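okay, predicted coordinates and the sequence, questions at the end:
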Amino acid sequence: MIRHVGENRWLVLDTLAIAIGLAGGLGAIVFRKLVEAVHYLFFGPVLAALPGGDEKMILLPVLGGLVIGITILKVAPEARGERIPGLMESLHKKGGRIRARAGPALLLASAITIGSGGSAGRDSPIAQIGASFGSFVGQRLKLTVADVQILAICGFVAGLAGTFNAPLGSAIFGMEVVMRRFRMMDAVPILMSAVIGAATASAFLGQNPAFTPPKTDLVLAELWLCFLLGLAFGIFSLLWVGLFSGAERLFEWLPLRDSLKPGLGGFVAGAAGLYFLDYGVMGVGYDGVDQVLSLVSVSPGSDEVQILLFLAVLAALKAIATASTLGSGGSGGSIAPTLYIGAVAGAALGLIFGDFLPMAEGHAPTYALLGAGALFAGSAGAPLTCVVMISEMTADYGLLPTLMISCATSYGIAQIGLKGSTIYTLNLLRRGVCLVAGESVLERVLVRDVMVHGVVAVAPAMTIREVRDKIVEHNITGFPVVKDGELLGIITFDDLRKVPEDRQDEIFVEDVAVKKVIVVYPDENMKQVMDRLYQNNVGRLPVVVRENPKRIVGIVTRTDAISAYEMAAANREKRDK
């Protein structure tokens with residue numbers, strides 16, 4: 001186990017990031033193949049065994065939802081729905097700790113949901129599986145809370161990059177949306193994992209872009225149309241987030257057993273996609289986006305009204321199918337469906353722009369891709385991510401200027417309506433989870449302001465029975481061992497329990513005390529204290545002066561750390577009012 005990485009911390013993290021990136025890329029491959037196998041099973045033997053005509057296809061996502069609801073979600077309820085909010089909660093509230101069994105359960109639940117025809121993306125599941133692996137590695141090596149969080153994000157971005165073949169966009173998403181902070185020293189291992197994950201997946205799956213890039217570029221005079229598109233998609237983002245969040249609340253309210261709700265959500269998805277199988281309303285939907293791009297790449301002529309109505313219906317049905325699938329408890333991601341909905345709506349706006357500005361005619365496929373990025377930027381609060389990720393996914397970096405305008409505008413409008421929330425954080429706020437940056441709060445509290453100055457110590461020559469009496473007298477379960485003002489060790493109640501009752505008068509403190517003491521200094525912050533307490537699984541740390549590490553000046557406990565956090569958080573809330 002790695003307990004103290006010291007000066008080699010970043011070397012250790014970078015090395016682990018490479019290994020986690022490789023695992024995330026391999027995970028993306030395995031998950032995609034598993035989804036394909038489940039899809040073949042449901043749309044092959046299972047579909048053939050069902051009675052009826054084409055309408056029986058509605059039953060496939062129903063069966064998939066019932067399978068995961070009755071089996072997997074009972075064992076691992078954390079595999080339910082969109083998992084990015086759960087990951088954010090684990091990172092910000094649980095020190096990056098994720099249950100090991102969450103990964104396999106999510107793998108199966110998501111593969112069945114998507115493979116059976118539920119409307120969801122592969123993105124969030126494989127990214128969450130990578131995060132689970134990164135968290136597991138950090139916990140097994142007993143790294144600090146901050147390092148466990150970084151490794152969890154490394155796994156997340158590796159899986160996401162392997163899914164989208166967009167390493168830079170995935171890394172930015174991990175920092176911009178999930179971690180909610182940018183720090184250059186965090187970026188190195190995160191970028192390394194993303195690149196390794198994307199390269200590994202591409203080596204097996206190929207480097208084909210997720211969407212077919214358009215063959216036309218916008219002209220300078222069309223830039224103001226990108227601004228109008230951003231305004232429209234800021235409003236669309238509010239509608240999409242409202243529908244997604246509303247579906248979650250609706251399915252929670254329904255008087256139906258939780259295990260049956262994914263089946264009902266699957267029925268809605270099946271009904272929505274029954275007559276649009278070629279356009280990807282069921283499943284992930286990437287092929288459907290390419291179909292839409294092909295449809296609007298030629299002049300619609302007299303059929304434009306019908307095509308516009310078709311695109312509007314398609315976007316609405318995909319939104320309803322996705323909200324029902326994930327809101328009911330089906331497992332999967334919302335990124336790919338969001339891109340789908342945005343692309344379809346963007347294509348429709350592109351056709352309309354072409355009617356009013358002749359030079360925009362025939363550019364609807366480009367506006368479709370701008371719409372995909374703008375809807376994602378507005379709903380997820382990720383403008384930087386979308387500018388980079390859409391360019392990587394299409395292998396067309398000529399889109400960057402227009403993406404900047406449309407994504408930034410959409411993000412700004414959406415944030416006004418959402419009041420700083422996103423499609424991910426609304427889920428958490430509804431459950432009473434507020435992502436306050438707890439680390440930054442503790443970093444502002446110094447040990448000297450929290451530590452207990454009147455230290456109750458024991459001498460090395462005291463007997464174990466005398467120490468037990470001292471525990472009862474002071475109601476303290478651990479003491480520093482001090483002689484002539486110098487710290488010699490520490491002794492706790494757990495150490496005393498190892499001594500037989502009949503020998504407690506003949507065994508002394510110096511015989512059982514821990515000599516190698518982990519200490520803190522008065523000028524360190526409480527974030528560092530929390531890391532040290534967690535890493536070494538101890539309840540208290542002596543405070544010593546840097547000039548003389550043997551001279552004890554105080555002691556700090558887990559209780560003191562929690563009190564410091566509560567006090568600092570309360571003070572910040574007062575300042576914010």
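Structure received.

from here on, contacts and neighbour counts on C-alpha atoms
OK.

residue 541 and residue 557 touch, don't they?
Yes - taking C-alpha atoms under 8 Å as the definition, residue 541 is a contact partner of residue 557 at 6.4 Å.

neighbour count winner among these two?
Taking other C-alpha atoms under 10 Å, residue 541 and residue 557 do not tie; residue 541 has more neighbours (24 against 19).

which other residues reach the helix or strand encompassing that one?
If you go by DSSP states H and E, residue 541 is part of strand 540-544. Residues from elsewhere that reach strand 540-544 (C-alpha atoms under 8 Å, 6 or more residues apart in numbering): 451, 478, 480, 518-522, 533, 550-558.

with stretch 324-332 instead?
65, 68-69, 79-83, 106, 109-110, 113-114, 118-125, 244-245, 247-249, 251-252, 258, 261-262, 264-266, 268-269, 333.

residue 154: how many residues sit nearby?
Other residues near residue 154 come to 39 when the count uses other C-alpha under 10 Å.

again but with residue 516, I slipped
Around residue 516 there are 9 residues (other C-alpha under 10 Å).

can you map out the strands along this structure?
478-483, 486-492, 540-544, 552-557 (DSSP state E).

from the contacts of stretch 324-332, which would you call buried?
By neighbour count, with 16 or more other C-alpha atoms under 10 Å, those hold 65, 68-69, 79-83, 106, 109-110, 113-114, 118-125, 244-245, 247-248, 251-252, 258, 261-262, 264-266, 268-269, 333 as buried.

let's see which of those residues end up in helices.
Among the buried ones among the contacts of stretch 324-332, the members falling in helices are 65, 106, 109-110, 113-114, 123-125, 244-245, 247-248, 251-252, 261-262, 264-266, 268-269 (criterion: DSSP state H).

related to what we said a few turns ago, reformat the strands of the chain as TSV; add distance to residue 363 and mean pLDDT.
What follows is the strands of the chain, written out as TSV (distance: least, C-alpha to C-alpha, whole Å; pLDDT from 0 to 100):
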stretch	distance to residue 363	mean pLDDT
strand 478-483	72	87
strand 486-492	73	88
strand 540-544	65	89
strand 552-557	64	88
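
out of those strands, deepest packed?
strand 540-544 (a mean of 24; mean count of other C-alpha atoms under 10 Å).

what angle separates it from strand 486-492?
170 degrees (axes from the mean of the first three to the mean of the last three C-alpha atoms, to 10 degrees).

just the C-alphas of strand 540-544, formatted as PDB.
The C-alpha trace of strand 540-544 is given here as PDB (Å, rounded to 0.1, in the frame of the first residue of the first chain):
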ATOM      1  CA  ARG A 540      -6.600  12.200  16.400                       C
ATOM      2  CA  LEU A 541      -3.300  13.900  15.500                       C
ATOM      3  CA  PRO A 542      -0.800  15.600  17.800                       C
ATOM      4  CA  VAL A 543       0.100  19.200  16.700                       C
ATOM      5  CA  VAL A 544       3.800  20.000  16.900                       C
END
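
okay, angle between the strand holding residue 541 and strand 552-557 too, please.
Going by the same axes, to 10 degrees, strand 540-544 makes 160 degrees with strand 552-557.

shouldn't residue 445 be in contact with residue 563?
No - counting by C-alpha under 8 Å, residue 445 stays clear of residue 563, with 10.9 Å between them.

just for the stretch 1-150 of the chain, where's the confidence low?
Within the stretch 1-150 of the chain, the segments meeting pLDDT under 70 span 1-8.

show me the helices in it, by range?
9-41, 47-49, 59-67, 73-75, 84-93, 102-115, 123-140, 145-164 (DSSP state H, counting those that start in this stretch).

which of those is buried the deepest?
With a mean of 32, the top stretch among those by mean neighbour count (mean count of other C-alpha under 10 Å) is helix 145-164.

gap between the closest residue to residue 232 other than its chain neighbours and residue 418?
Once flanking residues are discounted, residue 232 sits nearest to residue 410: 7.4 Å by C-alpha to C-alpha, 6 or more residues apart in numbering. As defined by C-alpha to C-alpha, to the nearest Å, residue 410 lies at a distance of 12 Å from residue 418.

and the strands of the chain: which comes nearest residue 402?
strand 552-557 (53.8 Å; C-alpha to C-alpha).
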